[in-house]
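A.B. asks: Show me how the following folds:
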Amino acid sequence: MEKKKTVNLDMKQYGMVIALIAIFTLFYILSGGKNASSTNINNLVMQNGYVVILAVGMLLCVLTGNIDLGVGSIVALSGATAAILVVDMKVAVPIAFLAALAVGMLSGLFVGFFVAYLDIPPFVVTLATMLMGRGLTYTILKAQTKGPLQPDYT
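C.D. replies: The predicted model follows:
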């Protein structure tokens, strides 16, 4: 007798994929297919590109068994720094981008010092970084939106 090969699928493992397909199908039906248009998909990719960049960095962090809670706040602080330099101080865009990268690097050095040299748990340090990033962003922007931004910035 020949044994049949069976495939055991663990539905828990594919639950999020199934939910994504169900939501996409629901909105496809409700919007008359507009959410599947090439323009909409292009907009989604363009508007969420920074999320992919953050996710790659977070993947490396999570793979080592750590966590970084301050990523979003530091992105906001870096963006606010660049926007203030470009809009208020009329600095060239490449220099503003270098300043934003420097803010991110200093934040990373801050977290790295406390985690690596002082043995403070990453959860605590990155929670502090998140709160500091939010507070500094709110303070330097004075709770206002900056704009209009130059075309080469956007």
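A.B. asks: ok now the helix or strand of the chain with the lowest mean pLDDT, how far from the chain's centre?
C.D. replies: Sorting the helices and strands of the chain by mean pLDDT, DSSP states H and E puts helix 49-63 at the bottom, at a mean of 84. On the basis of C-alpha atoms, centre = their mean, to the nearest Å, helix 49-63 sits 7 Å off its chain's mean C-alpha point.
A.B. asks: domain parsing for this protein?
C.D. replies: 1-36, 49-141 (the TED database).
A.B. asks: wait, what's in contact with residue 153?
C.D. replies: Going by C-beta atoms under 8 Å, 6 or more residues apart in numbering, residue 153 touches 82, 83, 86, 93, 96. Any C-beta I mention is one placed from the backbone N, CA and C, and that applies to glycine too.
A.B. asks: circling back: give me the contacts around the least confident helix or strand of the chain.
C.D. replies: By C-beta under 8 Å, 6+ apart, the residues outside helix 49-63 that reach it are 67, 68, 71, 72, 75.
A.B. asks: pretty sure residue 115 is touching residue 125, no?
C.D. replies: Yes - in this structure, residue 115 is within contact of residue 125 by C-beta atoms under 8 Å, at 5.5 Å.
A.B. asks: that older thread, relative to residue 46, which of the contacts of helix 49-63 is nearest.
C.D. replies: residue 75 (16.7 Å; C-beta to C-beta).
A.B. asks: how close does the closest one sit to residue 48?
C.D. replies: 13 Å (C-beta to C-beta, to the nearest Å).
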